[in-house]
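Novice: sequence unavailable; structure follows:
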């Protein structure tokens, strides 16, 4: 019997795991089901460092948002935002400036439903149920929300999501469409699984996920660099997550991070 609780939208098959709920489980969240946890345990067997990687990815999101805030960004488009957990973009941004605005974008029903609950009392943040690989639809809906002014710089966040986009979906073209829609002074934050770090473990993750709803397509540093066409990379460039502008004492091994991160500015 599949699990059914009050926050699960009608029609969601809780017997089919999703990447959003797997990530929620790895971060210690409670919006996941038995099927998600079973897949996560296989993921952990392939990559025992997976919980740390999830934490590093979330920490990178925070640092990237604060970096953008320091550089004048006050509106954010968070693509593939996932299930809300501690340290959401609107919380990070609005703590720095209460006027900051955030539009989240996700297609996964549980992620959208839970986001709606969290955001219902915040007029400066909203969630769109859209496919981030259909940028024209996303951009139209973001503008219609009244929260994003595309005449002003935007912080576009693509954190830990484009490794779910296959080559046939032309991810570079998707990112280029978002780039072309935002004005000079906008930023792109990007993190992505790579086979350059711990290749055996990465191969195991690919095998675990290949028959799921969300297969993974890791990419090399050179391929990640290609996604930043038209952007100027901020220092220190494309690096394992623990090396991107770390705060305080950093004891995480970059060779075990599994993910590259970078932030670029549109000149």
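Specialist: Done, it's in. Here the structure is a predicted model, which is why all the values come from computation and not from measurement. Numbering: from 1, shown residues only.
Novice: and the contacts of stretch 56-68?
Specialist: Stretch 56-68 is contacted from outside by 27, 76, 85, 87, 89, 92-93, 96, 155, 157, 159-160, 187, 189, 191, 234, 241-242, 244-247, 252, 257, 259, 261, 263, using Cβ atoms under 8 Å, 6 or more residues apart in numbering. Yep, even glycine has a C-beta here, placed from its N, CA and C like the rest.
Novice: same thing but at 6 Å, please
Specialist: 87, 89, 92-93, 155, 159-160, 187, 189, 191, 241, 244-245, 257, 261, 263 (Cβ atoms under 6 Å, 6 or more residues apart in numbering).
Novice: hang on, residue 78 in a helix?
Specialist: No. With DSSP: H, G, I helix; E, B strand; the rest coil as the criterion, residue 78 is located in strand rather than a helix.
Novice: partner residues bridging the nearest residue in space to it that is not next to it in sequence?
Specialist: Among residues not flanking residue 78 along the chain, residue 157 sits closest, at 4.4 Å (Cβ to Cβ, 6 or more residues apart in numbering). Counting by DSSP bridges, residue 157 forms beta bridges with residue 78, residue 189.
Novice: distance check, residue 264 against residue 150.
Specialist: When distance is defined by Cβ to Cβ, to the nearest Å, residue 264 is 18 Å away from residue 150.
Novice: okay, the two: which has more neighbours?
Specialist: Remark: of residue 264 and residue 150, residue 264 carries more neighbours, 23 against 15, as counted by other Cβ atoms under 10 Å.
Novice: which residues touch residue 228?
Specialist: The neighbourhood of residue 228, defined by Cβ under 6 Å, 6+ apart, consists of residue 264.
Novice: hmm, 10 Å instead?
Specialist: In this structure, residue 228 makes contact with 172, 175, 179, 188, 190, 237, 238, 262, 263, 264, 265, judged by Cβ atoms under 10 Å, 6 or more residues apart in numbering.
Novice: same deal with residue 70?
Specialist: Taking Cβ under 10 Å, 6+ apart as the test, what residue 70 contacts is residue 96.
Novice: can you give me the end-to-end distance of stretch 68-80?
Specialist: With Cα to Cα, to the nearest Å applied, stretch 68-80 spans 19 Å between its terminal residues.
Novice: for the residue nearest the centre of the chain, what are phi and psi?
Specialist: The centroid of the chain falls nearest to residue 159 when counting by Cα atoms, centre = their mean (3.0 Å). Note on residue 159: its backbone torsions stand at phi -100, psi 110 [degrees, to the nearest 10].
Novice: that one reaches residue 87, doesn't it?
Specialist: No. Proximity of residue 159 to residue 87 does not meet the contact threshold set by Cβ atoms under 10 Å, at 11.7 Å.
Novice: can you tell me which of the contacts of stretch 56-68 end up in strands?
Specialist: Assignment to strands by DSSP state E places the following of the contacts of stretch 56-68 there: 155, 159, 187, 189, 191, 261, 263.
Novice: could you redo these as TSV and give each row pLDDT and distance to residue 38?
Specialist: Listed next are the ones in strands among the contacts of stretch 56-68 as TSV, based on pLDDT from 0 to 100; distance: Cβ to Cβ, whole Å:
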residue	pLDDT	distance to residue 38
155	98	36
159	97	25
187	98	38
189	98	31
191	98	26
261	98	29
263	98	35
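Novice: having no further points to raise, I will conclude here.
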